[in-house]
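Chemist: output the structure for:
(2 chains)
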Amino acid sequence: MEIIFFYLFAGIATLSALMVITRKNVVHCALFLVLTFVCVAAIYVLLKAELLAAIQVLIYAGAIMVLFLFAILLINIDKTKEIRFSHRQSPLALVLAGMLFAQIAFIIYKAITVSPLGTLSPEKVSKIGNTEVIGSLLYTEFLFPFEVASVLLLAAMIGAIVLAKRHLK
Amino acid sequence: MISLSHYLVFGAILFFIGVAGVLTRRNAIIILMSIELMMNAVNITLISFGHYLHNVTGQIFAIFVVAVAAGEAAVGLAIIIELFRGRQTLNVDEINIMKW
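Modeler: Sure thing, here's the model as predicted:
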């Protein structure tokens, strides 16, 4: 039963991602990217990562894509001058991406060895609660990256405001 | 039964669709969107490994990847807006004033 949902959401996400990189209208690309993010959030729920699914919908589909749409609509571009694909580079790029994907798929099917299992099995995590487990780890063992991430977000916020504000004469 | 390979191949497909988008499209905003696709593919790989190795560290790393991607999208879009103000184009092929 789960495998039906996996193929459904993975198929929609893949098709939507292909639409993102091929559509001419930038707003269409942004909306297909929102659909991709929501499908990936559904895959996270299949993987029993409910907090990540909520974070994905809230932050990626909710905040980052709204930011993209604001930027797209603030920039009034002359649509007649736009070139869609790079004609020199596209065939080689697609061949390269295909070859690299074939290599990675081969490695995935032939050469994966699973390291010894950790302690938190999915049953144990779902008994305590996914958010509680992540919260307890994030504030004890991973406290330093957590604080560094907050400083990073502050720097990004200041940088974005300074770069994008209008310069008053 | 969904095995680890299913999720990893799905992550790889999304990643290489993102790579093809970065290398092929000429609009700077779509290049940023393809980079976000690649980050999502990395998140899928991290979380699926965390699930199959009975470890929550994958999900915690994925939270940090989401935070970094958010900051990067904001700064990248600010740079693009500033670039557009100067050159009136979003075509990355025409932004070549630093070429030899």
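Chemist: what about the chain, any weak spots by pLDDT?
Modeler: Chain wasn't specified; assuming chain A. For chain A, the stretches with pLDDT under 70 are A:78-83, A:168-169.
Chemist: wait, chain B was what I had in mind.
Modeler: Counting by pLDDT under 70, chain B has low-confidence residues at B:100.
Chemist: try 90
Modeler: By pLDDT under 90, the weakly predicted segments of chain B are B:1-5, B:26, B:52-55, B:82-100.
Chemist: tell me which helix or strand residue B:47 sits in.
Modeler: Element membership for residue B:47 (DSSP states H and E) is helix B:28-52.
Chemist: touching chain A at all, that helix?
Modeler: Yes: residues of helix B:28-52 contacting chain A under Cβ under 8 Å from any Cβ of the partner chain: B:29-30, B:32-34, B:36-37, B:40, B:43-44, B:47-48, B:50-52. (Glycine included, C-beta is placed from N, CA and C.)
Chemist: can you list the buried residues in the lengthiest helix in chain B?
Modeler: Scanning chain B for the longest helix, with DSSP state H as the assignment, gives helix B:57-87. For helix B:57-87, a neighbour-count test (16 or more other Cβ atoms under 10 Å in any protein chain shown) marks B:57-64, B:66-67, B:69-81, B:83-84 as buried.
Chemist: angle of that helix against helix B:28-52?
Modeler: What separates the directions of helix B:57-87 and helix B:28-52 is an angle of 180 degrees, with axes from the mean of the first three to the mean of the last three Cα atoms, to 10 degrees.
Chemist: what sits against residue A:42?
Modeler: Listed by Cβ atoms under 8 Å, 6 or more residues apart in numbering or on different chains, the contact set of residue A:42 reads A:5, A:9, A:53.
Chemist: residues near the spatially closest residue to the last one that is not a sequence neighbour, how many?
Modeler: Computed as Cβ to Cβ, 6 or more residues apart in numbering or on different chains, the closest residue to residue A:53 that is not its neighbour in sequence is residue A:44, at 4.0 Å. Using other Cβ atoms under 10 Å in any protein chain shown, residue A:44 is surrounded by 25 other residues.
Chemist: also the one 3 residues further on?
Modeler: Other residues within reach of residue A:47 by the criterion other Cβ under 10 Å amount to 21.
Chemist: roughly how far does it sit from chain B?
Modeler: Going from residue A:47 to chain B by Cβ to the nearest Cβ, to the nearest Å gives 5 Å.
Chemist: give the contact list for the residue lying closest to that residue once chain neighbours are set aside.
Modeler: Nearest non-adjacent residue to residue A:47, counting by Cβ to Cβ, 6+ apart: residue B:51, 4.7 Å away. Contacts for residue B:51 (Cβ under 8 Å, 6+ apart) come out as A:47, A:48, A:49, A:122, B:58.
Chemist: could you give the number of residues near the nearest residue to the fourth one once chain neighbours are set aside?
Modeler: Leaving out its chain neighbours, the residue that sits closest to residue A:122 by Cβ to Cβ, 6+ apart is residue A:48, at 5.1 Å. The number of residues packed around residue A:48, counting by other Cβ under 10 Å, is 17.
Chemist: now do the SS call for residue A:48.
Modeler: What DSSP: H, G, I helix; E, B strand; the rest coil gives for residue A:48 is coil.
Chemist: correct me if wrong: it contacts residue A:130.
Modeler: Yes: Residue A:48 is within contact range of residue A:130, at 7.0 Å (criterion: Cβ atoms under 8 Å).
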